[in-house]
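*Asks:* coordinates only, sequence not included:
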């Protein structure tokens, strides 16, 4: 959906904020060189064994159970440590210090016409919400001198920190709902978060004809929240075929492609984009 809208609305700036598993680049890419930059999250604690007195002040107080002792040698597991700094405050010998920890890698690509920002969260690291904020900040800085009329963010599923960070400061959230019991529950939770953050919302249903009963339940939920359900995308084998071929559905003649072009037109109206901006890259399908 994000990749198709990038083409349909001719977005000059876009980001993949699903930093746990970014994949937007597999369908929509920028040919320019990627500028990689390490991202440092909260510092982690480490123990200097030469200064440690084995006094055991830190071990019982660590609520994350990140500190272990083997043969009177105290160590801190960087994957379990949350960087709260309590052990450093408690250590009478000054043997514990906080060190910068790389939690991910930021990537920015530009070809002079479009800008693409994303990141990859390092294995076993948290603070993905902070990393998403950095992805958006880097995109904003890259387009600051000549901001385009539209930037599109591909967010992550759920309602956790990366989702809330993705939602911060945006003009419109497009929710892609699944017609199932789990999908309806996920939709309720996401709407609760988005409305709580005062983010305007529109919704669509994916594979709407697979479960008409649940699709109607999604419709009723959106109606009760005052959320426009702008399209019901039918099941279409062309979707996985397009993804496997590394292309979007912006120009696909099938039923899913038609529904997605309708979504593009609705989004353009909701954001009050000029018609040419919503059709330059998609010809007659704007």
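*Replies:* Great, that's in hand. Please read these numbers as outputs of a predicted model, since none were measured by experiment.
*Asks:* now do the strands in this structure.
*Replies:* 13-16, 34-40, 44-47, 67-70, 73-76, 96-99, 102-110, 115-121, 151-154, 173-177, 201-205, 229-232 (DSSP state E).
*Asks:* helices and strands around the last one, which ones?
*Replies:* Taking 3 or more CB pairs under 8 Å, 6 or more residues apart in numbering; DSSP states H and E as contact, the helices and strands that strand 229-232 lies on are strand 201-205, helix 212-225, helix 255-270. Where you see a C-beta, it was placed from the backbone N, CA and C, and this is true even at glycine.
*Asks:* which one of the ones you listed is the most hemmed in?
*Replies:* Most buried of those, by mean neighbour count (mean count of other CB atoms under 10 Å): strand 201-205, with a mean of 22.
*Asks:* partner strands of that one and their direction?
*Replies:* strand 173-177 (parallel), strand 229-232 (parallel) (DSSP bridges).
*Asks:* in JSON lines, list the helices and strands packed on strand 229-232 along with distance to residue 8 and mean pLDDT.
*Replies:* Below are these laid out as JSON lines (distance: least, CB to CB, whole Å; pLDDT from 0 to 100):
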{"stretch": "strand 201-205", "distance to residue 8": "14", "mean pLDDT": "96"}
{"stretch": "helix 212-225", "distance to residue 8": "22", "mean pLDDT": "95"}
{"stretch": "helix 255-270", "distance to residue 8": "4", "mean pLDDT": "93"}
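*Asks:* for those, give me a markdown table that also has distance to residue 186.
*Replies:* Compiled in a markdown table, the helices and strands packed on strand 229-232 are given as follows (distance: least, CB to CB, whole Å):
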| stretch | distance to residue 186 |
| --- | --- |
| strand 201-205 | 12 |
| helix 212-225 | 11 |
| helix 255-270 | 19 |
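*Asks:* the ones you listed: which one's closest to residue 235?
*Replies:* Among those, helix 255-270 comes nearest to residue 235, with 7.9 Å by CB to CB.
*Asks:* so which other helices or strands are in contact with the closest one?
*Replies:* helix 2-8, strand 201-205, strand 229-232, helix 238-244.
*Asks:* re the thing from before, so can I have a markdown table of the strands of the chain showing distance to residue 219?
*Replies:* Putting those into a markdown table (distance: least, CB to CB, whole Å) gives the following:
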| stretch | distance to residue 219 |
| --- | --- |
| strand 13-16 | 29 |
| strand 34-40 | 41 |
| strand 44-47 | 48 |
| strand 67-70 | 53 |
| strand 73-76 | 52 |
| strand 96-99 | 51 |
| strand 102-110 | 38 |
| strand 115-121 | 33 |
| strand 151-154 | 25 |
| strand 173-177 | 10 |
| strand 201-205 | 8 |
| strand 229-232 | 6 |
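*Asks:* rewinding a little: make CSV out of the strands paired with strand 201-205 and add distance to residue 263, mean neighbour count and mean pLDDT.
*Replies:* Output for those, formatted as CSV (distance: least, CB to CB, whole Å; neighbours: other CB atoms under 10 Å; pLDDT from 0 to 100):
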stretch, distance to residue 263, mean neighbour count, mean pLDDT
strand 173-177, 7, 20, 95
strand 229-232, 5, 20, 95
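*Asks:* the closest residue to residue 118 other than its chain neighbours pairs with what?
*Replies:* When the adjacent residues along the chain are set aside, residue 118 lies closest to residue 16, with 4.0 Å between them (CB to CB, 6 or more residues apart in numbering). Beta bridges link residue 16 to residue 118, residue 154, judged by DSSP bridges.
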